[in-house]
Every structure is written in C-alpha cells, then in structure tokens.
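Peer 1: Any chance you could fold what I've pasted below:
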Amino acid sequence: MNKFFCADNSRVIQEDIIGSATNYQTYILVECPTPWVYEAFNSKWVPDNLRNLVEDVNRAQLPIRFLLIANDQSHKIEQTTLLIYQQQEGLSNGYRKQEFKLPNIEKVAGVVNKWLAGVSNDYEIESTMSRDILVCTHGSHDQCCARYGNPFYFHAQNTISNLQLNHLRIWRSSHFGGHRFAPTIIDFPEGRYYGLLDQDTFKSILTYTGNIQYLHKIYRGWGILPNPLQILEKELMLRLGWDWFKYKATGKILEKSLDNHTILGELNFEQPSGALYTYQAKLIKDEVKTQPVKVSCHALQETICLKYTVSNLWLVAKKVATYS
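Peer 2: Okay, the predicted model is just below:
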C-alpha cells in the first residue's frame, strides 16, 4: 500500500498556500527537549502543572497558542527558555517579545500564570536576539513535518551560519498548522508564515533580498491579520517590494456575504517616513483554487479549503507626513 503524504499531494494539485497563517494574539513558546508525542504537551518532559495550564487556556478559548521549541542544545542545558510573543494594538510590524530564562521547565507554568495576571517576573531577561525562526519538525503529529521539516532545519542552520546572522535563532517547533505545506516556518517577531521552502527561498526571507515574486509560492500569510486579509497583504507586498517589510500595518474585514464568498477588506499601513495609506479590496471566492484537499497525512476525508482572489483593489486615503 502506498503511503499518503499530504505535502506531496498539495504540491501535485498546486494548492495556493496564501491565507493559511493562523491568527493568534499571543504565542507562548516553551523550550522542551524532543521527542514529542502527537499531542505535544503530553510529552514526557512536560510537567503536569504546565499541561494543566495549557488545557485551562484552551478550554477558556483564549487567543493564545502554546508551542514547544527545541534546538540541538535543549537536552544538554540546565535551563529553560520561555518566549512570549504578544501582538501589538493598532499599526504594528508584528509581535512584542518577552524572554525568560528559567532554571527548569517546572517553573514555566508559574511564570506564565503571573504574566497572564499582569505581574512582572524576576526571570525576565534582556535578549540580544532580534529574530526567532520556528521550523515545524513535529513528525509524530504529521509525517511530512519529519520528512521535510527535519532536513530543512538541519540545512537552515548552515544557511544562517554562512550568512553570519548572529542575532537570529532557529528552533524546532511542535505543530502550528499547515503541515501539508512542509517545510513550514514562522518568522518572529513579525509573525509571518512560510511554506514549501528550500534554502534559496529561505535566504531571501532572511535577508529581504532576491526576487520578491518568489514569495508568491511560499508565503502563507501574516499572523496578525485575519486569513482573507492575508491575501490582500500579499498583493500589496508583491507590488511594493522588500520595503514592505519595514512598514507597520493593521487590517479588518468591513463586510462579508453570508456564504463568505465575497469579502470587503481594508488594510492600513504606515511607512517609516510616517506616510499613511488605506487600501480596500474586494475578495471573491476563487472557483479554480478552491478545491477539496486532504489537510493532513492521516485525514480520512477531504476538506474544501476556501481560497480567495483580489478582484478589486483601490487606494482609499493617503496621508503624507509633514515635518515642521
């Protein structure tokens, strides 16, 4: 019997990956040695107090995503890194990071509970790292993340080293969705998602150079935006080039049809000069790209994944910065 690989299938049907970034207000990343089981927080190194906290947060349906992370040193070191990335209000270029160095993973739940209550913590440190890249290698959750994620993670370390990017860390990560786009990453603090990567396209993402049109195939979307607006953001990014990554943005859905087939969206962005732009767009269901797909290797049924296309895009307002 042939094994089914969801990532291979997604490539064969040429599924459009834009609009597949998940939209969370907060990411809580906990360093924990591998191996991880299917439900990562049931893994043997995860203490009960942390497992219970994750269950409580999920039950309360808070917009928080817990992920396990690890690197090649995680099983050797006598400390645990805890990263909390929180979305900023209004115009932003991503998430705000807080980093904590804890003596062990048993301390994580207490620190997170304090953080949720707005209480400061002794374990917080000033981090010299400006960027954290998460690669999903969670093969026990989906075999494609092992098949594509592990080799990508291995080679990506060399890519980062060769580029001498000393303020950037790369982590293995537990499942964050979209394994059929493996190898898939989240780039923090921006919170942008990418998939179907190779080392050349990864280099472009790291350095913001090369042909911006490559992103058309590998960009899953910006996690600070609702899924349909991620398509609008990509459209503006491809028009405006790598400078787009220096801009702050915010977006909202203004109206949508009952069947979700038509959406009116708005995106505001601010350039470093202070110039403000507001764009609106009509997004309509793309009949060709919307197709049934098995979203994971062990999916028993196909799911219809609604895809949109930008049918109309217009500039609503422009305010240029004036200096006195």
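Peer 1: all helices of the protein, in order?
Peer 2: Per DSSP state H, the chain carries helices over the ranges 6-12, 48-59, 108-116, 143-144, 150-162, 199-207, 215-218, 227-240.
Peer 1: looking at these, which is closest to T81?
Peer 2: If you check each of the helices of the chain against T81 by CB to CB, helix 108-116 wins as the nearest, at 9.9 Å. The C-beta positions use only the backbone N, C-alpha and C, and glycine is treated the same way.
Peer 1: buried residues in that closest one?
Peer 2: Neighbour counts over helix 108-116 (16 or more other CB atoms under 10 Å) mark V108, A109, V111, V112, W115, L116 as buried.
Peer 1: farthest-separated two in the residues you listed?
Peer 2: Checked with CB to CB, the buried residues of helix 108-116 reach their widest spread between V108 and L116, with 12.3 Å between them.
Peer 1: picking that back up, so which of the buried residues of helix 108-116 is the closest to K97?
Peer 2: W115 (12.6 Å).
Peer 1: With distance to S74 and mean pLDDT as added columns, please give the helices of the chain in JSON lines.
Peer 2: JSON lines is the format used below for these (distance: least, CB to CB, whole Å; pLDDT from 0 to 100):
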{"stretch": "helix 6-12", "distance to S74": "25", "mean pLDDT": "76"}
{"stretch": "helix 48-59", "distance to S74": "15", "mean pLDDT": "97"}
{"stretch": "helix 108-116", "distance to S74": "14", "mean pLDDT": "96"}
{"stretch": "helix 143-144", "distance to S74": "22", "mean pLDDT": "78"}
{"stretch": "helix 150-162", "distance to S74": "13", "mean pLDDT": "95"}
{"stretch": "helix 199-207", "distance to S74": "22", "mean pLDDT": "97"}
{"stretch": "helix 215-218", "distance to S74": "27", "mean pLDDT": "94"}
{"stretch": "helix 227-240", "distance to S74": "31", "mean pLDDT": "95"}
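Peer 1: among those, which is the most enclosed?
Peer 2: helix 143-144 (a mean of 22; mean count of other CB atoms under 10 Å).
Peer 1: thinking again about what came up before, name the member of the buried residues of helix 108-116 with the shortest distance to V135.
Peer 2: Closest to V135, out of all of the buried residues of helix 108-116 and judged by CB to CB, is V108, at 21.4 Å.
Peer 1: re the thing from before, from the buried residues of helix 108-116, pick the one nearest D198.
Peer 2: V108 (34.2 Å).
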